[in-house]
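Trainee: Any chance you could fold what I've pasted below:
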Amino acid sequence: MKAYYVYILTNKYNTALYVGVTNNIIRRVYEHKNKLVKGFTERYNLDKLIYYEVTDSIESAILREKQIKNYSRAKKEILIENFNKDKTDLYDSLL
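Mentor: Okay, here's the model as predicted:
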């Protein structure tokens, strides 16, 4: 079974949020942490994985990513808090 991930990154101050989708969360977060991804995450130093979901369909992952991207900041915060109250970096727990 193939796995697809919808994830949220933030910075060390938890001031900005980035929602993404990938089929390899370890590789993708590694790329963000090592500034191999140009753009928003590099500019705002978003390298802390604070939320993720897993699905077996790329279509459902993309739909969920779009849904979360359309959430208000407050609704994203509730989603994150229910999953990872302290907003700790979850990357190492995936290794």
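
Trainee: three-state assignment of Val19?
Mentor: strand (DSSP: H, G, I helix; E, B strand; the rest coil).

Trainee: number of nearby residues for it?
Mentor: 18 (other Cβ atoms under 10 Å). Glycine gets a C-beta too; all of them are placed from N, C-alpha and C.

Trainee: Please name the residues that touch it.
Mentor: Listed by Cβ atoms under 8 Å, 6 or more residues apart in numbering, the contact set of Val19 reads 6-8, 65, 68-69, 76.

Trainee: and with 6 Å instead?
Mentor: Going by Cβ atoms under 6 Å, 6 or more residues apart in numbering, Val19 touches 8, 65, 68-69.

Trainee: May I see these organised as JSON lines, with pLDDT added?
Mentor: Output for the contacts of Val19, formatted as JSON lines (pLDDT from 0 to 100):
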{"residue": "Ile8", "pLDDT": "98"}
{"residue": "Glu65", "pLDDT": "98"}
{"residue": "Ile68", "pLDDT": "98"}
{"residue": "Lys69", "pLDDT": "98"}
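
Trainee: Would you mind checking which of those residues is nearest to Phe40?
Mentor: Lys69 (11.9 Å; Cβ to Cβ).

Trainee: How confident was the prediction at the nearest residue to Tyr44 once chain neighbours are set aside?
Mentor: Take Tyr44 and drop its neighbours on the chain: the residue closest to it by Cβ to Cβ, 6 or more residues apart in numbering is Ala16, 4.5 Å away. pLDDT, Ala16: 97.

Trainee: Among the contacts of Val19, which one sits closest to Glu59?
Mentor: Nearest member of the contacts of Val19 to Glu59, counting by Cβ to Cβ, is Glu65, at 10.9 Å.

Trainee: So the closest one sits against Tyr5, correct?
Mentor: No - Glu65 is not in contact with Tyr5 according to Cβ atoms under 6 Å; the separation is 9.5 Å.

Trainee: related to what we said a few turns ago, what subset of the contacts of Val19 is buried?
Mentor: 8, 65, 68 (16 or more other Cβ atoms under 10 Å).

Trainee: What strand or helix carries the first one?
Mentor: Spelled out, it's Ile8. According to DSSP states H and E, Ile8 maps onto strand 4-10.
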